[in-house]
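>>> with the sequence up front, the predicted model follows.
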Amino acid sequence: MKQDHVLLVDGMALLFRGFFATSVYGNYMYNHKGQPTNGVNGFTKYFLHAVDTFLPTHIICCWDMGSQTFRTRLFPEYKANRAEPPVELLPQFDMAKQVMEGFEVPNIGVEDYEADDCIGTLASQLAPERKVSILTGDQDMLQLVDENIHVVIMKKGRGNYQLFDLDTLEEVKGCTPGQIVEMKGLMGDSSDNYPGVKGIGEKTALKLLKEYESIDQLIDKLDELPPGIKRKIESDRQMLYLSRELAEIRTDVPIEAPIDTSVWNPPNEKASQVLGELGLKIPLLKI
């Protein structure tokens with residue numbers, strides 16, 4: 001019997017990518033209702049191309065449910081450097097979810113958590129018995145790579161993917177999945193606006209983890225470190241642990257994988273009707 005292959009879609013990544021691929025040139029598409037559609041148009045095309053490429057048996061799409069999460073309670077400055085979404089993008093979140101409903105793909109989102117956490121939880125539930133592919137543009141997801149979990153990073157241009165399994169992650173990044181989190185604890189993440197340890201960058205963080213494997217083992221051997229590195233870690237130890245906690249994708253979100261309702265079937269009249277109502281002129285292949 002063929003093994004199930006579940007595609008977990010980072011809806012946020014696809015929609016933002018679809019929007020900014022055209023809006024950067026001031027190209028806002030509108031439908032017959034006067035609604036902007038450039039983001040949801042790109043989202044749908046990215047989605048269909050990925051389905052045609054990876055041929056999953058099941059698909060689930062995950063979403064953020066607002067900017068306030070347990071991470072912003074831990075660290076109010078988390079992602080505070082990000083601008084509000086453009087007004088043209090705002091109505092397209094619901095439109096993208098309608099597209100998924102038209103394709104009979106479950107939309108998953110949980111208050112207080114990010115889409116990443118939902119994906120991490122679903123992947124951990126599904127992977128023991130199924131192959132799981134995570135479609136995203138977010139390198140943070142690489143911490144989820146495992147024997148049965150592959151991460152597909154979308155690169156610039158539709159159809160340009162970088163696939164990560166355990167071997168390619170070690171080869172490309174020089175670390176294990178768990179060390180992705182440890183790296184972020186040490187060096188922080190400017191895009192998510194948490195600092196890590198001041199003065200420690202990617203090169204130093206990777207070198208330290210090569211030798212000591214984890215932050216906990218590094219702290220145990222603190223006296224072995226060069227005085228400058230030791231001083232930086234000691235002065236920022238609290239932020240080191242907080243940054244690691246912010247970086248870690250949760251796998252305990254209170255959801256159950258909707259495996260029975262996520263079986264992928266070729267697009268049908270319902271999908272065509274939804275796309276038509278949204279004013280999206282996208283040819284549907286019998287995938």
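Yep, that arrived. Residues are numbered from 1 along each chain as shown.
>>> residues near Asp260, how many?
8 (other C-beta atoms under 10 Å). Just so you know, the C-beta spots here come from the backbone N, C-alpha and C atoms, and that holds for glycine as well.
>>> just confirm it is within a helix.
Yes - counting by DSSP: H, G, I helix; E, B strand; the rest coil, Asp260 is part of a helix.
>>> would you mark the buried spots in the longest helix anywhere in the chain?
Longest helix in the chain, counting residues (DSSP state H): helix 38-54. Within helix 38-54, the residues scored as buried using 16 or more other C-beta atoms under 10 Å are 38-51, 54.
>>> with just CA atoms, put stretch 229-249 into CSV.
What follows is stretch 229-249, C-alpha atoms only, in CSV (Å, rounded to 0.1, in the frame of the first residue of the first chain):
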residue,chain,number,x,y,z
ILE,A,229,32.7,35.1,24.5
LYS,A,230,32.2,34.1,28.2
ARG,A,231,31.6,37.7,29.1
LYS,A,232,29.0,38.2,26.4
ILE,A,233,27.1,35.1,27.4
GLU,A,234,27.2,35.9,31.1
SER,A,235,25.9,39.4,30.5
ASP,A,236,23.0,38.2,28.3
ARG,A,237,22.2,34.8,29.7
GLN,A,238,18.6,35.7,30.4
MET,A,239,18.0,36.9,26.9
LEU,A,240,19.8,33.8,25.6
TYR,A,241,17.3,31.5,27.2
LEU,A,242,14.3,33.7,26.2
SER,A,243,15.5,33.9,22.6
ARG,A,244,15.7,30.1,22.5
GLU,A,245,12.2,29.9,23.8
LEU,A,246,10.9,32.4,21.2
ALA,A,247,12.6,30.5,18.4
GLU,A,248,11.3,27.1,19.3
ILE,A,249,8.3,25.9,17.3
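>>> distance between that stretch and the chain's centre?
23 Å (C-alpha atoms, centre = their mean, to the nearest Å).
>>> state the mean pLDDT of that stretch.
Averaged over stretch 229-249, pLDDT sits at 97.
>>> repeat for stretch 259-274
Stretch 259-274 comes out at a mean pLDDT of 92.
>>> likewise for stretch 32-50?
For stretch 32-50, the per-residue pLDDT averages 94.
>>> and it, how far from the chain's centre?
How far stretch 32-50 lies from its chain's middle: 19 Å, per C-alpha atoms, centre = their mean.
>>> list the contacts of it.
Here stretch 32-50 makes contact (C-beta atoms under 8 Å, 6 or more residues apart in numbering) with 7, 9, 11, 14-19, 21-23, 27-31, 88-89, 91-92, 95-96, 99, 103, 135, 152, 154, 158-159, 161, 275, 278-280, 282, 284-285, 287.
>>> same question for stretch 154-170.
So stretch 154-170 is contacted by 13-14, 17, 45-46, 49-50, 53, 135-137, 142, 145-147, 150-153, 172, 175-177 (C-beta under 8 Å, 6+ apart).
>>> can you pull out the helices in the stretch 151-287 of the chain?
Using DSSP state H, counting those that start in this stretch, the helices of the stretch 151-287 of the chain run over 166-173, 177-187, 202-212, 215-220, 227-235, 237-247, 269-278.
>>> packing partners of the last one?
In other words, helix 269-278. The helices and strands touching helix 269-278, judged by 3 or more C-beta pairs under 8 Å, 6 or more residues apart in numbering; DSSP states H and E, are helix 92-102.
>>> and the angle from the helix it packs on to helix 269-278?
Helix 92-102 runs at 160 degrees relative to helix 269-278, counting by axes from the mean of the first three to the mean of the last three C-alpha atoms, to 10 degrees.
>>> list the neighbouring strands of the helix or strand following helix 92-102 plus their orientation.
Later in the chain than helix 92-102, the nearest helix or strand by DSSP states H and E is strand 107-108. Using DSSP bridges, the strands paired with strand 107-108 are strand 58-62 (parallel).
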